[in-house]
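Asks: kindly return the folded structure for what I paste below:
(chains A and B)
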Amino acid sequence: MRPAQFISRLALTLGLSLGITSLGAPQPPARAAESQAASPTLAAVRSRGVLNCGVSGSVAGFSLPDSKGVMQGLDAEGCRAIAAAVLGDATKVKFVPLTTENRFTALQSGEIDVLVRETTWTLQRESSLGLLFGVVNFYDGTGFLVKKSSGVTSARDLDGATICVEPGTSTELAIADYFRANNMKYTPVEIQDVEELRRAFLSGRCDVYSTDASALAAFRYIQGEHAGDYVLLPELISKEPLAPVVRKGDDKWFDIVRWVSFIQITAEELGISSHNVDSFLTSQSPDIRRMLGVEGDLGKSLGLDNKWAYNVIKQVGNTAEVWDRTMGQLGLQRGLNNLWNHGGLLYAPPLR
Amino acid sequence: MAPAPSRPARPLASARERRAWLISASVTALLVLLIAWVAWRFLAWAVWHAVWSVPAGPDGAPNTDACRAALGEGACWAVIGEKYRFILFGFYPYAEQWRPALVVLLFIGLFAASLFRRFWHPSLFVVWAGALVFSAALMWGGFAGLPFVPADQWGGLPITLFLATVGLALAFPLAILAALARASRGLPLLKGLSILYIELIRGVPLISLLFMASVMLPLFLPPGIEIAKLLRAQIAFILFAGAYLAEVVRAGLAALPKGQYEAASALGLSYWQSMRHVILPQALRHTVPMLVNTFVGFFKDTSLVLVIGIYDVMTTARTAILEPRWQGFGIEVYLFLAVIYFAFCYSMAGASRRLESRSATPLAATEEPA
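Replies: Model prediction:
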């Protein structure tokens, strides 16, 4: 065939096929709105039938796909819990992987409904970015990891050190503040890619690897028998409460995101887990009956089905179960992330 | 009788020759040794000391201690065994991954078939179009009992192949139209538009085009209309490749002697007839090496979609080694990836050579593909 013929036919057939494929793309069935939702975000999620949830997609323990391509981690479970409460199905989540730079834009522009991406709750983010932070799902703090051979035992010894840090994070700001307050100098090595950053630390390009203590502990844990070569310095130089984030201006949606977290905390406190939640349906306790939607209209008052809490516990589980599946796998102790009556900070207001 | 004068040796030339031989021999020997040493080290790492599989730990998850013990001495191919399905197919539902696998095989089969002249028949395009429609339908599903899989769950190799194949196939006609418009006389508006398009697209990096397609394009669309992210990226790729290919085609047009144009019009051919039967067949033949050069570069550029959150095969590979258990085995995964990319890019180069030898123009005979 002559090239000219080739080209004209190519153009025609491909043009046609593209037209057909784009027209023929089946749409997911729209879910009829179950009740009059006063929240525009809730209405959007319901009509879409899927929760658009912003995650990092690249941090073990928080959100990372496993070998089967399923997103795993504390943040991923947070997304699933919201989907279970709102749509009755924890699998109806579209995970949107975001970087530290574009995460807030994605939320502000409406590309995602909620951001569960190990994001630190700070005053400035809430006051000037038009964002609201939900219940803290992980209490963290900026720490320092050094090689044992360096002989450093305290952050006070770090004057003049080279520090590997991810750009655009609150870790970066915390380090700057800490060194200025203590009148010490340091050289930052800023690398966006976590894997690259860690390699830089392992290869000795920097003396210190600094990020949230959870990530440092996990990083140390996976070094296996070499874990002992690294020391996590005792000082945590910042408070890093990580929480889900929503846009300001949709209070109903904020309520839902917040109370889904409280449900999981309450469930742990009451000993209700995904395995035994069905047996609690016949419980005589008024609190539990209200919570699981056996009586009362707690769900309705949020604009949800009364089975919302049952769905969250049955399909995702309570805070302890989620922890064991995610952070527990990385060898992390619960510490501050335990219930208030076990020495932690998890405390839920009453459900009534 | 005087003894026959012995042929005087040419000491200088001989010494020079001997020295040249010595140098060449020692350089060769050195190179052979070097290559042998590198090959030995590589084989030792990649084969003899390699860990091919790891046992499952008490919790059912793989235990990578064996790999970690061999770190630096032997490759850990177990990471490929564990992760190849995620690398190749990304977030596509695990149980349904035979669908993208079939699509990839279909693409490879059709690419291979398209290399043979005996298949160069108009029906090949029908087959290709059918294959594209079939692939897209198979990936989406939602019929015949196949669960629906939205495009944002597609990932890995099919994404790379779709973006590159559809992108190039649609960019090529666009490029020809743009090149013809730019080379035209008497249509100043069209010519200006073509120049504007080509220079504008060439003047910005592909990444910014992708960002615009993913972030800005939705803002211009009327509310209620939503174009899938993949389709938006595809459009950006078509526009980008179109601009580059247009300049390649224009070079081919400019290289043709003026007599060809004059001869075509002397025969009474219309503009389109002369383009189709005289000008383009020759112009395109000349530009095969440059076209393939652009194709190869473009195929690799598809990995840039990671900046807008699409998991092509490059991104899935990088994500696969973030799992704590498998951290530190990046070299193995990148090698696996390199083999995939090389296989496709080298086949394109091979296709180019074949095209050139088939279209026996003097230019094609003397030039190597770039």
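Asks: surely residue A:96 forms part of a strand?
Replies: Yes: membership of residue A:96 in a strand is supported by DSSP: H, G, I helix; E, B strand; the rest coil.
Asks: got the contact list for it?
Replies: Applying CB atoms under 8 Å, 6 or more residues apart in numbering or on different chains, we find residue A:96 in contact with A:52-55, A:106, A:111-112, B:309. Where C-beta positions appear, they are placed from N, C-alpha and C, glycine not excepted.
Asks: what residues does the stretch 51-200 of chain A put near chain B?
Replies: Contacts of the stretch 51-200 of chain A with chain B, taken as CB under 8 Å from any CB of the partner chain, map to A:57-60, A:64-71, A:94-98, A:105, A:109, A:193-195, A:198.
Asks: can you select the buried ones from those residues in ChimeraX?
Replies: Per 16 or more other CB atoms under 10 Å in any protein chain shown, the buried members of those correspond to this ChimeraX selection:
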select /A:57,58,59,60,64,65,66,67,69,71,94,95,96,97,98,194,195,198
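Asks: sort out for me which of the residues of the stretch 51-200 of chain A next to chain B are in helices.
Replies: A:105, A:194-195, A:198 (DSSP state H).
Asks: dump those residues into JSON lines; add pLDDT as well.
Replies: Formatted as JSON lines, these follow (pLDDT from 0 to 100):
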{"residue": "A:105", "pLDDT": "85"}
{"residue": "A:194", "pLDDT": "79"}
{"residue": "A:195", "pLDDT": "75"}
{"residue": "A:198", "pLDDT": "87"}
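Asks: could you single out the nearest of those residues to residue B:14?
Replies: residue A:195 (60.1 Å; CB to CB).
Asks: sorry, back to before: in strands, which of the contacts of residue A:96 fall?
Replies: A:52-55 (DSSP state E).
Asks: may I ask which two of those are separated the most?
Replies: It's A:52 and A:55 that sit farthest apart of these, by CB to CB, at 10.6 Å.
Asks: between those two, which one's more packed in?
Replies: residue A:55 (26 against 21; other CB atoms under 10 Å in any protein chain shown).
Asks: ok, that one - contacts?
Replies: A:62-63, A:71, A:73, A:75-76, A:79, A:95-98, A:116-117.
Asks: switch the cut-off to 6 Å
Replies: Residues near residue A:55 by CB atoms under 6 Å, 6 or more residues apart in numbering or on different chains: A:63, A:75, A:95, A:117.
Asks: which ones are touching the third one?
Replies: The one in question is residue A:95. Counting by CB under 6 Å, 6+ apart, the residues that residue A:95 touches are A:53, A:55, A:71.
Asks: 7 Å instead, please
Replies: A:53, A:55, A:57, A:71, A:76, A:79 (CB atoms under 7 Å, 6 or more residues apart in numbering or on different chains).
Asks: how about JSON lines for these, with distance to residue B:294 added?
Replies: JSON lines is the format used below for the contacts of residue A:95 (distance: CB to CB, whole Å):
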{"residue": "A:53", "distance to residue B:294": "39"}
{"residue": "A:55", "distance to residue B:294": "36"}
{"residue": "A:57", "distance to residue B:294": "32"}
{"residue": "A:71", "distance to residue B:294": "37"}
{"residue": "A:76", "distance to residue B:294": "40"}
{"residue": "A:79", "distance to residue B:294": "41"}
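Asks: tell me the one of these nearest residue A:131?
Replies: Among the contacts of residue A:95, residue A:53 lies closest to residue A:131 (CB to CB), at 15.3 Å.
Asks: looking at the contacts of residue A:96, spot the one nearest residue B:216.
Replies: Using CB to CB, the contacts of residue A:96 come closest to residue B:216 at residue A:111, 12.6 Å.
Asks: that closest one: neighbour count?
Replies: 18.
Asks: swap in the one 5 residues further on?
Replies: Burial of residue A:116, expressed as a neighbour count using other CB under 10 Å, amounts to 31.
Asks: can you check residue A:302 too?
Replies: 23.
Asks: for the stretch 101-250 of chain A, give me the ranges with low pLDDT.
Replies: A:224 (pLDDT under 70).
Asks: with adjacent residues omitted, what lies nearest to the residue in it that chain B sits nearest to?
Replies: Taking CB to the nearest CB, chain B has its nearest neighbour within the stretch 101-250 of chain A at residue A:222, 3.9 Å off. Once flanking residues are discounted, residue A:222 sits nearest to residue B:324: 3.9 Å by CB to CB, 6 or more residues apart in numbering or on different chains.
Asks: from residue B:130, how far out is that neighbour?
Replies: 45 Å (CB to CB, to the nearest Å).
Asks: neighbour count for these two, which is higher?
Replies: residue B:324 (18 against 13).
Asks: run through the residues that contact residue B:199.
Replies: No contacts exist for residue B:199 under CB under 7 Å, 6+ apart.
Asks: following the chain past the helix or strand harbouring it, name the next helix or strand.
Replies: Taking DSSP states H and E as the criterion, residue B:199 maps to helix B:188-202. Toward the C-terminus, helix B:188-202 is succeeded by helix B:206-211 as the next helix or strand (DSSP H and E).
Asks: OK, now which residue of the stretch 251-352 of chain A is nearest to chain B?
Replies: Counting by CB to the nearest CB, the stretch 251-352 of chain A gets nearest chain B through residue A:330, at 6.3 Å.
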